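J.: For reference, the sequence and a predicted model appear below.
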Amino acid sequence: MKAAIEAVGQSTLNIVEGTGKAALLFFETLVWTIRPPYRLRLLFQAMEFVGVGSMFIVLLTGVFTGAVFALQGAGAFRLFNAESLVGPTVGISLARELAPVLTGLMVAGRAGSGIATELGTMRVTEQIDALYTMAVNPVQYLVVPRFLAGITMVPCLCALFSLVGMVGCYFVGVVLLRIDEGIFMEQTKWLVDPDDLTSGMIKALVFGGILTMVGCYKGFYASGGARGVGLATTQAVVGGSVLILIADYFLTALMFQ
């Protein structure tokens, strides 16, 4: 009984400590974001890693997501003789929900894990400690460029996801299922509102900040050698994905109530 109580207490302390360290890291990142020196080369390298490097998997996921939803939607709407609503339904779903969430999850799986691995390796090999000895703040040098890359590139990837998703929807709906092209396009333009796209971009910005900060936090505080780096990488992907889904609920509740 005593051991169980101690285990619960230790877990609670670990959660509180981890939350505090993550909050302090996030606050320090915000402070160093507006303070010089501004390391543009590192920022562009991080943008290339987070954005360009994730483009293929995001585009591939987007095309087939739009195609699958069009196929499923057409089957459902056919019961009500309303196949013309396939385009706007998929468009709204992509803009509001599917594009930001799936983009965030894909980038968390690829870039978030890479960030955690890179920073974790630097931590266990004492490269981060070496930055302190050279009077270089490691948060400003390592975390800030990746955080800015996340909040910049994930919305761009989200927009591309929505675009190629509608291309997949158009191919399935118009080419394969013979939905009238004029009705498909007009209904989509009429019912998909610019505010839907804006809400999705805001979500993507938040998700980009979440996945990069989780990856940086797990890597920055990794310990225990190679095993610790692997554990930090796994925790970065799982934690980032879970936080994205939780944040998605609250953002949706705020935006669409």
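T.: That came through fine.
J.: name the helices or strands packed onto the helix or strand hosting Ile246?
T.: Taking DSSP states H and E as the definition, one finds Ile246 inside helix 225-255. Secondary structure elements in contact with helix 225-255, counted by 3 or more CB pairs under 8 Å, 6 or more residues apart in numbering; DSSP states H and E, are helix 99-107, helix 113-124, helix 194-220. For glycine as for every other residue, the C-beta is placed from the backbone atoms N, C-alpha and C.
J.: Please identify which of those helices is closest to Val8.
T.: helix 194-220 (23.4 Å; CB to CB).
J.: who touches Ala22 in this structure?
T.: Counting by CB atoms under 8 Å, 6 or more residues apart in numbering, Ala22 makes contact with Met213, Tyr217.
J.: what's the helix or strand for it?
T.: helix 2-33.
J.: centroid residue for the protein?
T.: Gly104 (2.2 Å; CA atoms, centre = their mean).
J.: thought Gly219 was touching Thr117?
T.: Yes: with contact defined as CB atoms under 8 Å, Gly219 reaches Thr117; the gap is 6.8 Å.
J.: higher neighbour count, those two?
T.: Gly219 (30 against 19; other CB atoms under 10 Å).
J.: pLDDT score for that one?
T.: Confidence at Gly219, expressed as pLDDT, is 93.
J.: nearest spatial neighbour of Thr89, skipping sequence neighbours?
T.: Gly73 (5.4 Å; CB to CB, 6 or more residues apart in numbering).
J.: Report the angle between the helix or strand harbouring that neighbour and helix 99-107.
T.: Element membership for Gly73 (DSSP H and E) is helix 55-77. Put simply, helix 55-77 runs at 140 degrees to helix 99-107, going by axes from the mean of the first three to the mean of the last three CA atoms, to 10 degrees.
J.: So which elements touch helix 55-77?
T.: Helix 55-77 packs on helix 86-93, helix 99-107, helix 144-170, going by 3+ CB pairs under 8 Å, 6+ apart.
J.: Just the buried positions in the longest one, please.
T.: Residues of helix 144-170 classed as buried by neighbour count (16 or more other CB atoms under 10 Å): 144-162, 164-166, 168-170.
J.: next one: the second one
T.: Neighbour counts over helix 99-107 (16+ other CB under 10 Å) mark Ala99, Pro100, Val101, Leu102, Thr103, Gly104, Leu105, Met106, Val107 as buried.
J.: which ones are touching the fourth one?
T.: The one in question is Leu102. Neighbours of Leu102 in contact, by CB under 8 Å, 6+ apart: Thr61, Gly62, Thr65, Phe161.
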